[in-house]
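> okay, structure incoming, though there's no sequence with it:
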Ligand code: 13P
Ligand code: SF4
């Protein structure tokens, strides 16, 4: 038996012993996605974590995602196998920053992308993800909204919203590296290819895309499409399942920059070690958790498109 197979067998045994579920974001390393009980986007994974019968959730993703699971399911032990797997975009706005922004626009609702810390969610009126952003923002009363922290996703929402939309100036360093020139070059190399991109991409990239959607919506789109070749504008971890589920179709990564170093931190060894020792547990202070949960629950109550 190889060392890797031994490690996989150990993780499977530990998951059973601890009554644990292993969930992985669509950007995780191939071998982590392969072993996970379930893969998905940030919204789906938080809900799966909350609804599961497991006592322990091994969340292979980044910190805000594990925090969301801990907010929704406080009775479960949520493990992030690498506590240093953060999201630079989520760290671009602090609670202190938000206090100042709120003071500038009293009464204007704050919409927080799930890529925010629990503390920031706790100070927001509602959360949203890339999978439900437009319907969540449309559900808010009033004709103004302030969105945090992603300027690109906020710009994308503003395109179709009837409201006056203002936003914080954060961004995802990974998606920001992907340029319109990259798209133009990939299209020239692959004539007829369909361009799909995440709404965290720059507005000029979004302008060139045939489809703009969350990571999980990309799977559904690629499966349903008759196209043979797709230029995929998001973190390259998504290619694992796109290729696995669509063996006759071709998926192109148009930029070497489309890699999120934080999403790639967790290895199988980290998963095994955190399950052996039951360490790297993510918790949220109860006062913060209840307020952050209210913003997440409000989002979850909005009917899906
Ligand atoms: P999803 O909500 O589509 O999973 O994306 C999360 C994320 O971090 C994208 O960079
Ligand atoms: Fe954060 Fe960007 Fe990485 Fe997603 S891809 S976790 S937004 S840094």
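That came through fine. Since this is a predicted model, take the numbers as computed values, not measurements. Ligands and ions are numbered 1, 2, ... in the order given.

> local confidence estimate at residue 46?
Looking at residue 46, its pLDDT stands at 84.

> roughly how far does it sit from ligand 2?
Look at residue 46 and ligand 2: by Cβ to the nearest ligand atom, to the nearest Å, they are 14 Å apart. Bear in mind the C-beta positions are built from the backbone N, C-alpha and C, glycine included.

> what sits against residue 23?
Under the criterion of Cβ atoms under 8 Å, 6 or more residues apart in numbering, the neighbours of residue 23 are 36-40, 45, 48-49, 57-61.

> near ligand 2, anything from whichever strand or helix holds it?
Using DSSP states H and E, residue 23 falls within strand 20-25. No: using Cβ under 6 Å from any ligand atom, strand 20-25 never reaches ligand 2; the gap is at least 7.9 Å.

> what are the buried residues along that strand?
Of the residues in strand 20-25, 20-25 count as buried by neighbour count, 16 or more other Cβ atoms under 10 Å.

> how about stretch 118-136?
Across stretch 118-136, burial judged by 16+ other Cβ under 10 Å covers 118-134, 136.

> looking at the residues you listed, which are in strands?
Counting by DSSP state E, the buried residues of stretch 118-136 place 126-128 in strands.

> strands of the stretch 101-250 of the chain, start to end?
Along the stretch 101-250 of the chain, the segments classed as strands by DSSP state E, counting those that start in this stretch run 110-113, 126-128, 144-148, 164-167, 194-197, 211-212, 229-233, 250-252.

> ok, the fourth one: who's next to it in the sheet?
This means strand 164-167. strand 144-148 (parallel) (DSSP bridges).

> off-centre distance for the strand it pairs with?
On the basis of Cα atoms, centre = their mean, to the nearest Å, strand 144-148 sits 20 Å off its chain's mean C-alpha point.

> what sits up against it?
Taking Cβ under 8 Å, 6+ apart as the rule, strand 144-148 contacts 93, 98, 101-102, 105, 108-113, 116, 120, 124, 137, 153-154, 157, 161, 163-168, 170.

> which one is residue 105 nearest to, not counting chain neighbours?
Leaving aside its chain neighbours, residue 105 sits nearest to residue 146 (5.9 Å; criterion: Cβ to Cβ, 6 or more residues apart in numbering).

> what of residue 238?
Of all residues not flanking residue 238 in the chain, residue 26 sits nearest, at 5.1 Å (Cβ to Cβ, 6+ apart).

> any idea how far that neighbour is from ligand 2?
Distance check for residue 26 against ligand 2: by Cβ to the nearest ligand atom, it reads 10 Å.

> for residue 69, same thing?
Residue 69 sits 15 Å away from ligand 2, going by Cβ to the nearest ligand atom.

> repeat that for residue 30.
Counting by Cβ to the nearest ligand atom, the gap from residue 30 to ligand 2 is 16 Å.

> so for that residue, what's the pLDDT?
Turning to residue 30, the model gives it a pLDDT of 98.

> what pLDDT is listed against the closest residue to it other than its chain neighbours?
Sequence neighbours aside, residue 240 is the residue nearest to residue 30 in space, at 4.5 Å (criterion: Cβ to Cβ, 6+ apart). Here, the pLDDT recorded for residue 240 equals 97.

> pretty sure residue 11 contacts residue 271?
Yes: using Cβ atoms under 8 Å, residue 11 makes contact with residue 271 at a distance of 5.6 Å.

> shared neighbours of the two, which are they?
Joint contacts of residue 11 and residue 271 (Cβ under 8 Å, 6+ apart) are 22, 35.

> compare those two (neighbour count), which wins?
Taking other Cβ atoms under 10 Å, residue 11 and residue 271 do not tie; residue 271 has more neighbours (27 against 20).

> which regions of this structure sit below the pLDDT cut-off?
Counting by pLDDT under 70, the chain contains low-confidence ranges at 305.

> how does it look with 90?
1-2, 42-44, 46-47, 50, 160, 216, 303-305 (pLDDT under 90).

> which parts of it sit against ligand 1?
Applying Cβ under 6 Å from any ligand atom, one finds that the chain approaches ligand 1 through 41-42, 115, 129-130, 172, 200, 214-215.

> the residue of the stretch 101-250 of the chain found nearest ligand 2: how many residues sit nearby?
Nearest to ligand 2, among the residues of the stretch 101-250 of the chain, is residue 172, at 3.2 Å (Cβ to the nearest ligand atom). By the measure other Cβ under 10 Å, the count of residues near residue 172 is 25.
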